[in-house]
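In: Just the structure for this:
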Amino acid sequence: VSTQSTWECLFFFEMNRIACRSLSLGRMFAVKVGESLPACQLHEDSPGNSVNIQEICKGKKVVIFGVPGAFTPGCSKTHLPGYVADFEKYKSKGVDEIVCVSVNDAFVMGEWGLAQGATKKVRMLADTNAEFAKAIGTDFELAALGGTRSKRFSMIVDDGKVTTLNVEPDNTGLTCSLSASLLSSL
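Out: Presented below is the predicted three-dimensional model:
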C-alpha cells in the first residue's frame, strides 16, 4: 500500500468520523437564504492582502464555495476543478465572480489556484482563522487537517444577500456543493 493511499484512507476515515459527530449535534447555520453575508476579512495571495467578502459581493452576483482544505483529494480532484471547468457557464448565467474559500493560509490558497488553473476564473481566498466559516456556521473540527475547517458548501450571493445555500449534510461529501448542482439552480 502506498503512503498516499494510506494517508487518503486515514483522511477520509477521520472526516467521516467527525462528520457523523457533527451531524448528531443538529447545529443550525448562522447565515440563511435571504440574509446578508457577514462582513469578514479574508486574504488573497498573501497575508497582507486583506479583502472583505461582503464588499466583494456588493452589487454583483457571486458564487462562493467552501472546502475543508487546499490540496486535499476531494477538493483537488473534484470540487475546485468543477468550478474552474464551468466558469463560462456561470458567466453566461449572469454570475460576475466565483470565489473559493478554505481555512488555509493565503500562500497555500494562491498556489493551489495556480496548480488547478483557477487564475482569472476562481478567486482563491484564505479564511486564515476560520472567521468566515464561524460567521456563516460552516465551521467544524477536523483533527486530520489540524483543527477547525469549513464544511463543504456552495452559495449564490446577489448584491450581498444569500439567495441559494447548499451545505453537505455530512460536512465533507461531494454532492449538493458541487458545481453541477449549484449551476442547475441558476
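
In: ok, the residue nearest to the spatial centre of the chain to residue 86 distance?
Out: Among the residues of the chain, the one closest to the centroid is residue 66, at 0.8 Å (Cα atoms, centre = their mean). Between residue 66 and residue 86 the distance is 17 Å, computed by Cβ to Cβ, to the nearest Å. Any C-beta I mention is one placed from the backbone N, CA and C, and that applies to glycine too.

In: Phi and psi next, for residue 65.
Out: In terms of degrees, to the nearest 10, the main-chain angles of residue 65 are phi -130, psi 150.

In: who does it bridge with?
Out: Residue 65 forms beta bridges with residue 100, residue 154, as assigned by DSSP bridges.

In: Please apply the same query to residue 50.
Out: Legend: beta-bridge partners of residue 50 under DSSP bridges are residue 43.

In: got a list of what it touches?
Out: 41-43 (Cβ atoms under 8 Å, 6 or more residues apart in numbering).

In: Quick check: which element contains residue 82?
Out: helix 80-85 (DSSP states H and E).

In: Quick check: buried residues in that helix?
Out: 80-84 (16 or more other Cβ atoms under 10 Å).

In: Quick check: residue 39 touching residue 51?
Out: No - using Cβ atoms under 8 Å, residue 39 is not in contact with residue 51; the gap is 11.0 Å.
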